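In: Mind looking at a prediction? Sequence and model below.
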Amino acid sequence: MGWPPVKKRTKNIHLLKTADRALYGTHWPSYLTLQRRHTAMDLHLTTTQQLVVPFETVAFQYSASRLYNNLPNNIKTETNAKTFAR
């Protein structure tokens with residue numbers, strides 16, 4: 001199949017959980033924040049949440065934003081950390 005190895009999938013899951021905490025957590029360091037993309041014209045995709053992907057490819061923000069942007073919308077809009085982690 002086309003699945004990544006277990007070690008990489010586990011790493012991605014932990015990055016996505018951390019990204020969820022960065023977006024919706026109350027106690028999070030300011031230097032690890034993720035920025036939401038605000039477009040000037042939202043055509044029919046008003047419910048789509050996207051994160052800004054920075055140019056630095058070795059940063060947490062880069063990896064977390066890329067993974068988060070590839071998630072389905074119903075998972076992105078989940079604000080409960082326990083439900084998001086399932």
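Out: Arrived safely, thanks for sending.

In: And what about the spatially most central residue of the chain, helix, strand or coil?
Out: The residue lying closest to the centre of the chain (Cα atoms, centre = their mean) is Y68, at 2.8 Å. Secondary structure, DSSP: H, G, I helix; E, B strand; the rest coil: Y68 is helix.

In: so where's this structure uncertain?
Out: Applying pLDDT under 70 to the chain picks out residues 1-7, 38-48, 80-86.

In: Report the contact partners of the residue nearest to the centre of the chain.
Out: Y68 makes contacts with 16, 19, 34, 51, 76, as judged by Cβ atoms under 8 Å, 6 or more residues apart in numbering. Quick note: C-beta positions are derived from backbone N, CA and C, even for glycine.

In: which of those residues has the most neighbours?
Out: A19 (22 neighbours; other Cβ atoms under 10 Å).

In: Enumerate the positions of the strand or helix carrying that residue that are buried.
Out: If you go by DSSP states H and E, A19 is part of helix 6-24. Buried residues in helix 6-24, counted by 16 or more other Cβ atoms under 10 Å: 12, 15-16, 18-23.

In: With only the CA atoms kept, save it in PDB.
Out: Included here for helix 6-24 are C-alpha records, laid out as PDB according to Å, rounded to 0.1, in the frame of the first residue of the first chain:
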ATOM      1  CA  VAL A   6       4.700   3.500  11.400                       C
ATOM      2  CA  LYS A   7       7.400   5.700  12.800                       C
ATOM      3  CA  LYS A   8       6.600   8.500  10.400                       C
ATOM      4  CA  ARG A   9       2.800   8.200  11.000                       C
ATOM      5  CA  THR A  10       3.300   8.400  14.700                       C
ATOM      6  CA  LYS A  11       5.500  11.500  14.300                       C
ATOM      7  CA  ASN A  12       2.800  13.000  12.100                       C
ATOM      8  CA  ILE A  13       0.100  12.300  14.700                       C
ATOM      9  CA  HIS A  14       2.100  13.900  17.500                       C
ATOM     10  CA  LEU A  15       2.700  17.000  15.300                       C
ATOM     11  CA  LEU A  16      -1.000  17.300  14.500                       C
ATOM     12  CA  LYS A  17      -1.900  17.000  18.200                       C
ATOM     13  CA  THR A  18       0.700  19.700  19.000                       C
ATOM     14  CA  ALA A  19      -0.700  21.900  16.200                       C
ATOM     15  CA  ASP A  20      -4.200  21.500  17.700                       C
ATOM     16  CA  ARG A  21      -2.900  22.600  21.100                       C
ATOM     17  CA  ALA A  22      -1.100  25.600  19.400                       C
ATOM     18  CA  LEU A  23      -4.400  26.600  17.700                       C
ATOM     19  CA  TYR A  24      -6.900  26.100  20.500                       C
END
